[in-house]
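Colleague: Any chance you could fold what I've pasted below:
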Amino acid sequence: TYITVLMLLSRAFLVAFSSEYWIVGHAFAYSVFGIAVCREIVDQKLPRVSGLDAGAVAYFSRGDNVHAEQKRRARRVRNIAGSPVFVAGYLFVVLALAILLAIFSYGDAVPNIDFFGID
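Modeller: Sure, this is the predicted structure:
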């Protein structure tokens, strides 16, 4: 359901801003995926632990085996393209290229968007 909601939101933004403000729709769609990728990065770097594991670390200093399964999984998978940090970088580069393409290909035809009174 999580992936379905992501796809639904991104496609809704693309359809809602499909005419003159297409770059805004793409920016919102990329922000949906960017937020999802940021969540994956946080979950990868700061994994959630159960209450028993947190108690073992706090009271008995037994933090060595808390993330042993995740360390084993990380050793098995060495695919950089599957890491959320790589995906975030790729999304940033593609969005920057889309913005540059819109600026240089359309020139003055790119609409000025009034954002909270700032033009």
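
Colleague: okay, CA-based contacts and neighbour counts for the rest of this
Modeller: Noted.

Colleague: Which secondary structure element of the protein has the lowest mean pLDDT?
Modeller: Sorted by mean pLDDT, DSSP states H and E, the helices and strands of the chain end with helix 68-76, the least confident at a mean of 62.

Colleague: Show me the strands in this protein, by range?
Modeller: For the chain, no strands are identified by DSSP state E.

Colleague: And residue 45, how far from residue 98?
Modeller: According to CA to CA, to the nearest Å, residue 45 and residue 98 sit 30 Å apart.

Colleague: which of these two has more neighbours?
Modeller: residue 98 (14 against 8; other CA atoms under 10 Å).

Colleague: check contacts around the more buried one.
Modeller: By CA atoms under 8 Å, 6 or more residues apart in numbering, the contact set of residue 98 is residue 23.

Colleague: shift numbering so it begins at 333
Modeller: From this message on, residue numbering opens at 333, which makes the last subject residue 430.

Colleague: Can you report how many residues neighbour residue 390?
Modeller: With neighbours defined by other CA under 10 Å, the count for residue 390 comes to 11.
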